[in-house]
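K.L.:
3D model of this:
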Amino acid sequence: MNGVSDAIADHPTDAFPTSLGTYTTLRLGGPAGTLTVVSEPDEAVSAVRTAHAAGDSVLILAGGSNVVVSDSGFPGHVVLLRTRGVRVVDRDAGHVVVRVAAGEPWDEFVAGTVADNLAGVECLSGIPGSAGATPIQNVGAYGQEVGQTIVAVHAYDREADRVVTMTPAECRFAYRSSVFKHRDRWVVLEVDFRLAESKESAPIRYAELARRLGVEPGDRVPLSQARDAVLALRAGKGMVLDAADPDTWSVGSFFTNPVLSAAEWSALRTVADPPHWPNPDGSVKVPAAWLIEHAGFRKGYRPGAGVAISSKHTLALTHLGDGSTTALLDLAREIRDGVRDRFGVRLHPEPVLVNCAL
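P.N.:
Residues are numbered from 1 along each chain as shown. Coordinates of the predicted model:
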């Protein structure tokens, strides 16, 4: 691919601080017990294998955009992925399969696909973090999920002590979830995406994005137009990371949108009438942001201690520069409990909580 560099930089371990807040978009988190920086997949396998043999717990970090690390840090061994590379590995009938290193910055990869006229992930523009994290969370936004284009995940299986190639079925992609989430069995090394050779986007599925673009749902637009519109929408919600703006120092959406059973939805309807999206199985998804706002938590709500709800979006909990993980989780609990008390709905955190709990 021409749009993304395949270069891998030299990263001497002693040049990297052990404070994990350095490597998270929240800029929160205490020290690592030990830290190893890897720039090749086999180095990642070796580091994890060695730590496992020594009986050490292991934390894999790359972009740090979907983790909340405790103030006491992580006492085990942290492997910092700085692998890079994007290459075409297959072509068929107007599609290409590109293999992306786990440490590749996600938005740089997306920008490269748009520049190279490859459609399928353009609506996932502006999401911070690394490519290797996307299958773990089944990252999605504006009508696209990575599970729609992933054809294989190459991972180190700690239990079998070998590198495996996993199919989408084996990955068990679901809403903001996969077989990898909340399990440390696998270390994602590379991800294969099947993308369409096209100058136009995939059909626009998300109503808000369609309105921004001035098209009907199902229409297609030039790839660059779709990317620009998504970036503008995300920036307006404080969801594009800006090093100069603490209001963007977050993990993006802190809570997932609740998916309610038919009985739970019926109970909610007795006290509220939120926007909702029915699913074929009878369950109903409701927006967490609506529940939070109508439980009395507004944009910019700041209980003190250097953390706040973003001034741009109620789903983002932000670190204002002088806060702590403890304060952030206290705010999350306040919101969670307030929504439960008001609506009887329990919110669940979207990020991975490291050495801490909600």
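K.L.:
tell me, how many neighbours does V286 end up with?
P.N.:
V286 has 21 neighbouring residues, counting by other CB atoms under 10 Å. (Each C-beta comes from the backbone N, C-alpha and C, glycine too.)
K.L.:
Assess the claim that it and L268 are in contact.
P.N.:
Yes: counting by CB atoms under 8 Å, V286 does reach L268; the two are 7.1 Å apart.
K.L.:
anything in contact with each of these two?
P.N.:
260, 274, 345 (CB atoms under 8 Å, 6 or more residues apart in numbering).
K.L.:
Domain map for this structure?
P.N.:
13-81, 86-236, 246-354 (automatic domain parsing).
K.L.:
Where does pLDDT dip in this structure?
P.N.:
1-15 (pLDDT under 70).
K.L.:
which of the residues in the longest helix seen in it are buried?
P.N.:
Longest helix in the chain by number of residues (criterion: DSSP state H): helix 325-343. For helix 325-343, burial by neighbour count (16 or more other CB atoms under 10 Å) applies to 325, 327-332, 335-336, 338-339, 342-343.
K.L.:
residue contacts, R91?
P.N.:
V97.
K.L.:
which SS class is it?
P.N.:
strand (DSSP: H, G, I helix; E, B strand; the rest coil).
K.L.:
For V97, see how far away it is.
P.N.:
Applying CB to CB, to the nearest Å, the value for R91 to V97 is 7 Å.
K.L.:
burial measure for P280, as a count.
P.N.:
P280: 5 neighbours (other CB under 10 Å).
K.L.:
quick check, it in a helix?
P.N.:
No: counting by three-state DSSP, P280 falls outside a helix, being coil.
K.L.:
What are the boundaries of the strands in the stretch 101-250 of the chain?
P.N.:
Using DSSP state E, counting those that start in this stretch, the strands found in the stretch 101-250 of the chain span residues 118-119, 140-141, 144-145, 150-157, 162-166, 186-197.
K.L.:
outside of the first one, which residues touch it?
P.N.:
By CB under 8 Å, 6+ apart, the list of residues contacting strand 118-119 from outside reads 1, 96, 98, 113, 195-198, 200-202, 223.
K.L.:
shouldn't D107 be in contact with S130?
P.N.:
No: if you go by CB under 8 Å, D107 and S130 don't touch, sitting 10.0 Å apart.
K.L.:
What residues does S178 make contact with?
P.N.:
Applying CB under 8 Å, 6+ apart to S178 gives the contacts 135-138, 147, 171-172.
K.L.:
Give the buried subset of these as a ChimeraX selection command.
P.N.:
In ChimeraX, a selection of the buried entries from the contacts of S178 looks like this (16+ other CB under 10 Å):
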select :135,136,137,138,147,171
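K.L.:
Closest to F74 out of the contacts of S178?
P.N.:
Nearest to F74 among the contacts of S178, counting by CB to CB, is I136 at 17.1 Å.
K.L.:
quick one: contacts for the closest residue to that closest one other than its chain neighbours?
P.N.:
Distances taken as CB to CB, 6 or more residues apart in numbering put F180 closest to I136, at 4.3 Å, once the chain neighbours are dropped. Contact analysis of F180 by CB under 8 Å, 6+ apart lists 135-136, 153, 155, 171, 186, 188.
K.L.:
now F180: how far from K237?
P.N.:
Going from F180 to K237 by CB to CB gives 27 Å.
K.L.:
A47 now?
P.N.:
A47 is 36 Å from K237, where distance means CB to CB.
K.L.:
higher neighbour count, these two?
P.N.:
More crowded of A47 and K237, by other CB under 10 Å: A47, with 22 against 18.
K.L.:
need the helices for this structure, in chain order.
P.N.:
41-53, 106-115, 134-137, 168-171, 207-213, 223-236, 262-269, 288-294, 325-343.
K.L.:
So L331 versus S65, what's the distance?
P.N.:
L331 is 19 Å from S65, by CB to CB.
K.L.:
A289 too?
P.N.:
19 Å.
K.L.:
Give the buried residues for stretch 342-358.
P.N.:
With burial defined by 16+ other CB under 10 Å, the residues of stretch 342-358 counted as buried are 342-343, 345, 347, 349-355, 358.
K.L.:
Output that stretch as CSV - backbone C-alpha positions only.
P.N.:
This file holds the C-alpha atoms of stretch 342-358, laid out as CSV (Å, rounded to 0.1, in the frame of the first residue of the first chain):
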residue,chain,number,x,y,z
ARG,A,342,-33.7,6.4,37.6
PHE,A,343,-34.4,3.8,34.9
GLY,A,344,-33.6,0.3,36.3
VAL,A,345,-31.0,-0.2,33.6
ARG,A,346,-27.4,-1.1,34.4
LEU,A,347,-24.6,0.4,32.3
HIS,A,348,-21.5,-1.6,31.6
PRO,A,349,-18.0,-0.2,30.9
GLU,A,350,-16.7,-0.5,27.4
PRO,A,351,-12.9,-0.2,28.2
VAL,A,352,-10.8,-2.9,29.8
LEU,A,353,-10.1,-2.2,33.5
VAL,A,354,-6.6,-3.1,34.4
ASN,A,355,-5.9,-3.8,38.1
CYS,A,356,-9.1,-2.0,39.1
ALA,A,357,-12.8,-2.5,39.0
LEU,A,358,-16.1,-0.5,38.7
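K.L.:
Excluding chain neighbours, what is closest to Y23?
P.N.:
Using CB to CB, 6+ apart and skipping the chain neighbours, the partner closest in space to Y23 is G64 (4.4 Å).
K.L.:
Give me the phi and psi for E40.
P.N.:
Taking degrees, to the nearest 10, you get phi -140, psi 150 for the backbone angles of E40.
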